[in-house]
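In: okay, sequence plus prediction incoming.
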Amino acid sequence: MIHELKCHPESFEAKWLNKKNWEIRKNDRTFQVGYILIEKGFSPVANNGTGAYDGTEIHEEVLWILPEGYGLKKGFIIMSTKQLKRVRIMNGERQEFTEPYN
């Protein structure tokens with residue numbers, strides 16, 4: 001199963017640079033190991049505060065899930081992820097990077 005998710009700039013940059021390989025999310029989609037996350041770069045302050053996507057994506061596979069409890073807010077989980085590819089659209093052209101950023 002594939003889930004498209006918004007990802008705010010601070011978290012997105014860390015993921016793009018392959019420094020963050022986990023995600024804390026409300027488990028409103030019943031995430032499972034093996035699911036693919038497509039995290040889309042999103043700026044909540046763009047468009048006069050209505051938010052906008054910036055044309056970047058990170059595709060990840062969910063490797064492991066820590067269920068609610070363990071100090072997590074009720075209904076939230078932590079997912080361990082593996083970056084599969086990064087996507088950037090510049091000047092109308094799609095660029096894909098399958099090697100992690102070094």
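Out: Sure, I can see it.
In: what's the closest non-adjacent residue to Ile77?
Out: Nearest non-adjacent residue to Ile77, counting by Cβ to Cβ, 6 or more residues apart in numbering: Asn27, 4.7 Å away. (C-beta placed from N, C-alpha, C; glycine too.)
In: isn't the one you found right up against Ile78?
Out: No - taking contacts as Cβ atoms under 8 Å, Asn27 lies outside contact range of Ile78: 10.1 Å.
In: residues contacting the residue nearest to Ile77?
Out: Taking Cβ atoms under 8 Å, 6 or more residues apart in numbering as the criterion, Asn27 is in contact with Glu68, Gly75, Phe76, Ile77.
In: and with 10 Å instead?
Out: The neighbours of Asn27, taking Cβ atoms under 10 Å, 6 or more residues apart in numbering as the test, are Ile65, Pro67, Glu68, Leu72, Lys74, Gly75, Phe76, Ile77, Met79.
In: now it: how far from Lys73?
Out: Here the distance between Asn27 and Lys73 works out to 11 Å (Cβ to Cβ, to the nearest Å).
In: what's the answer for Val87, then?
Out: Val87 sits 31 Å away from Lys73, taking Cβ to Cβ as the criterion.
In: who's more crowded, those two?
Out: For Val87 versus Lys73, the count of surrounding residues by other Cβ atoms under 10 Å is larger for Val87: 16 against 8.
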